[in-house]
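# Have a look; sequence and predicted model below, questions after that.
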Amino acid sequence: MKYNIPFYMKDNDSASMVISKINPASTVLEFGCANGRMTKYMKQELNCKVYIIEIEEEAYQIALPFAERGICGDIMDFYWSEQYSDVAFDYILFADVLEHLSDPLEVLIRAEKLLKTDGRIIISIPNVAHSDIVAKLYGGSFDYTRTGILDDTHVRFFTWESMLKLVKEANLSIDNVQTTNLELFGTEQYQNRHDKKPSTLMCNLLRWRADATVFQYILCLKKGLDIIDKPIAFSQTVSDQMLGRVYIDYGDGFSEDHCEIIAAQYVGDGSYRATIDYSSFRGIKRIRYNPVDNQPCIILTDTIKLCESINTIYTNGIHIRSRVLLRGNNPEIIYELLEQKNELSGDIIFQIMGEDFINNLSTMLIESIAENEKYEKDLISLEKAAREIESVDMKIKEIKKTLELEYK
């Protein structure tokens, strides 16, 4: 049996989210029950009457003792729509099932007819727009795996938008949405450490997509279409921290012995805020802050440099007005304490490579060109003035020479 997985309630788990929506003592139709791990829980823990449909004979026989009635067969044969027509269901479950079916729309349409007026259809479905899949497609790969988003038995694939379309065409509407989430490179697509990963810039762009980390959607559906389309809100994990390093120099240089990890918080537009406070420390000569690794960044705000007793050095930095581009793959800022009193505290907001970074960099380049053009114009004016002064000076010398000759 391929999907012989034990069940227990846990976080970030689609089966647990499906079960959590079911009231005790309900009548449930479970499509694709596998070995009955959820069937057993609903029967024994929730006192539900569960009716099942499963195509694998071995799994079906294991699940059947926990069911009121069962059908061992192909969902696409629609035998169940007749066999269970005498039952009104509180819940109909499709837990990672619809993506295995050639015509999920027809299945939903027929299933809806077996649902009570106030009943719910609960589905969990993989998100083919997870950034791991997008990254692989960007690299020219579409690799099936034994399980996961590109399970080798999946015949249909869904994004958030295509799933909304399916729900509406089935004359259903969304009651609520949950998601399971896996970070970038956290799915089965990148289980092999030799899998080639995209560039840092591409990783950043992938990380900030709207559904970047959504592994599965869990939808609770009700009969009928909403008269007014309401915006659907669902939670997902976001890469909301960027880990940097702070090195402290007490007079003997920077070393790993005096190093601390600092978590900068995501503030939007590809930017992060780091708060540094060493005002209570004594004997500090210098501090070095490395905001990120393996990529440049733009310093948008640095309140530490405003302290009078601190000299700020932006290594490999290009200053353009109020911003600083830290070049190279190991950007760093060094703060030198000029006096014994320690005022080293403040916030640093920096932007890493991404769409906003590129836009900001373009703006900085345009501003730099504009300033250079202004300097060039000023230089031309100065050169012109210098030539005029030189011309006047020559005339003065000629007049002076004429006067001297006349005097003689």
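Received the coordinates, thanks.

# Which parts of the protein are helices?
Counting by DSSP state H, the segments of the chain that form helices are 14-20, 37-45, 57-63, 79-83, 104-112, 131-138, 160-169, 200-207, 355-407.

# For the second one, name the packing helices and strands.
Identification of packing neighbours for helix 37-45 by 3 or more Cβ pairs under 8 Å, 6 or more residues apart in numbering; DSSP states H and E yields helix 14-20, strand 27-31, strand 49-54. The way it works is simple: take the backbone N, C-alpha and C, and place the C-beta from them, glycine included.

# Between these, which one is closest to Met163.
Of all the helices and strands packed on helix 37-45, helix 14-20 sits nearest to Met163, with 14.0 Å by Cβ to Cβ.

# which residues are in contact with the closest one?
7-10, 37-38, 41-42, 46, 93, 95-96, 122, 124, 178, 180, 216, 218 (Cβ atoms under 8 Å, 6 or more residues apart in numbering).

# for the stretch 1-150 of the chain, what are the low-confidence residue spans?
By pLDDT under 70, the low-scoring segments of the stretch 1-150 of the chain are 1-6.

# sorry, back to before: take the helices of the chain and write them to CSV, including mean neighbour count and distance to Leu325.
As requested, the helices of the chain are arranged in CSV below (neighbours: other Cβ atoms under 10 Å; distance: least, Cβ to Cβ, whole Å):
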stretch, mean neighbour count, distance to Leu325
helix 14-20, 19, 43
helix 37-45, 19, 54
helix 57-63, 18, 59
helix 79-83, 15, 63
helix 104-112, 19, 50
helix 131-138, 20, 26
helix 160-169, 15, 36
helix 200-207, 19, 15
helix 355-407, 11, 7
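
# Can you lay out the ones you listed as a markdown table showing distance to Ser271?
What follows is the helices of the chain, written out as a markdown table (distance: least, Cβ to Cβ, whole Å):
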| stretch | distance to Ser271 |
| --- | --- |
| helix 14-20 | 32 |
| helix 37-45 | 43 |
| helix 57-63 | 50 |
| helix 79-83 | 53 |
| helix 104-112 | 41 |
| helix 131-138 | 20 |
| helix 160-169 | 26 |
| helix 200-207 | 12 |
| helix 355-407 | 7 |
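
# Just list whatever residues bridge to the nearest residue to Glu367 once chain neighbours are set aside.
Of all residues not flanking Glu367 in the chain, Ile320 sits nearest, at 5.7 Å (Cβ to Cβ, 6 or more residues apart in numbering). Beta-bridge partners for Ile320, by DSSP bridges, are Arg323.

# quick revisit: Gln191: which of the helices of the chain is closest?
Per Cβ to Cβ, nearest to Gln191 of those: helix 131-138, 10.4 Å.

# For the closest one, give me every contacting residue.
Contacts for helix 131-138 (Cβ under 8 Å, 6+ apart): 142-143, 149-150, 182, 184-187, 189-190, 197-198, 202-203, 206-207, 209, 212-213.

# Just the buried ones from the residues you listed, in PyMOL syntax?
This is the PyMOL syntax for the buried subset of those, where burial follows 16 or more other Cβ atoms under 10 Å:
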select buried, resi 149+150+182+184+185+186+187+189+190+198+202+203+206+207+212+213
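
# Spell out, range by range, the strands that occur in the stretch 101-250 of the chain.
Ranges of strands in the stretch 101-250 of the chain, per DSSP state E, counting those that start in this stretch, are 115-126, 172-181, 214-223, 241-249.

# May I see those strands organised as CSV, with mean neighbour count and distance to Asn329 added?
Shown next, in CSV, are the strands of the stretch 101-250 of the chain (neighbours: other Cβ under 10 Å; distance: least, Cβ to Cβ, whole Å):
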stretch, mean neighbour count, distance to Asn329
strand 115-126, 20, 35
strand 172-181, 18, 29
strand 214-223, 21, 30
strand 241-249, 18, 14
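
# Turn those into JSON lines, including distance to Tyr51.
Output for those, formatted as JSON lines (distance: least, Cβ to Cβ, whole Å):
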{"stretch": "strand 115-126", "distance to Tyr51": "13"}
{"stretch": "strand 172-181", "distance to Tyr51": "20"}
{"stretch": "strand 214-223", "distance to Tyr51": "18"}
{"stretch": "strand 241-249", "distance to Tyr51": "46"}
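
# Nearest to Lys397, out of the ones you listed?
Of those, nearest to Lys397 by Cβ to Cβ is strand 241-249, at 59.7 Å.

# mean confidence score for the closest one?
Across strand 241-249, pLDDT averages out at 91.
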